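[1] dropping the sequence and predicted coords here.
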Amino acid sequence: MTVNLKRSSPGGAQEPGRRSMLGLLTGAGLAGSGLLGVISNLVFIKPRATYGQPQRFTIGKPDDFPTGSRVALQAQKICVVREGDKLAAVSTVCTHLGCTVGLSETGFACPCHGSRFDHDGVVTGGPAPKPLPWYKVTLAPNGEIEVDKDTEVPSGSYLSL
Ligand code: FES
């Protein structure tokens, strides 16, 4: 005697449709969770570190720097030099070991090991091996002064205002 264990359903014709729908939903769920896994891994791998301040920035309008002034901007590590209708930006990072130089009567002086620079950043004493770099300065379309620390210019290169 044989027993037929196959189940029969009243809606037998609907069975393949329901199965394919469940298969489709399962596949979509697996694909979605896989995609989420890939995205979360990419977000995790991407470094969230920042690498210091931007090297190109604006520092204000020319009128913010009166003629004859030398203004040290501590955060940007530059000195803005204004002479008449000319303006320049000189680095205040000592070329010896990177301390921030201060303004002095004769130019710049480094508090760390005593390097001294004249007003143009030329080394006049101490262990600093190179002069202080000058940076490219331009006038932005909105009239603000823009400094580009990625672009060094020869000493004595002023922006004419
Ligand atoms: S870091 Fe300026 S003299 Fe050494």
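    Perfect, I can see it now.
[2] three-state assignment of the residue nearest to the spatial centre of the chain?
    Nearest to the geometric centre of the chain sits P54, at 4.2 Å (Cα atoms, centre = their mean). Using DSSP: H, G, I helix; E, B strand; the rest coil, the structure places P54 in coil.
[3] buried residues in stretch 80-90?
    Of the residues in stretch 80-90, those buried by neighbour count under the rule 16 or more other Cβ atoms under 10 Å are V80, V81, R82, L87, A88, A89, V90. C-beta coordinates here come from the backbone N, C-alpha and C atoms, glycine included.
[4] check stretch 121-131 too.
    G121, V123, G126, A128, P131.
[5] now narrow those to whatever sits close to the ligand.
    Contacts with the ligand are made by G126, A128 out of the buried residues of stretch 121-131, judged by Cβ under 6 Å from any ligand atom.
[6] just put the buried residues of stretch 121-131 in JSON lines and tack on secondary structure and pLDDT.
    JSON lines is the format used below for these (DSSP: H, G, I helix; E, B strand; the rest coil; pLDDT from 0 to 100):
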{"residue": "G121", "secondary structure": "coil", "pLDDT": "96"}
{"residue": "V123", "secondary structure": "strand", "pLDDT": "97"}
{"residue": "G126", "secondary structure": "coil", "pLDDT": "95"}
{"residue": "A128", "secondary structure": "coil", "pLDDT": "97"}
{"residue": "P131", "secondary structure": "coil", "pLDDT": "97"}
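[7] any stretches of the chain with poor pLDDT?
    Applying pLDDT under 70 to the chain picks out residues 1-15, 50.
[8] end to end, how far does stretch 115-128 reach?
    Separation of the first and last residues of stretch 115-128 by Cα to Cα, to the nearest Å is 6 Å.
[9] V147 is in contact with K136, correct?
    Yes - counting by Cβ atoms under 8 Å, V147 is a contact partner of K136 at 7.4 Å.
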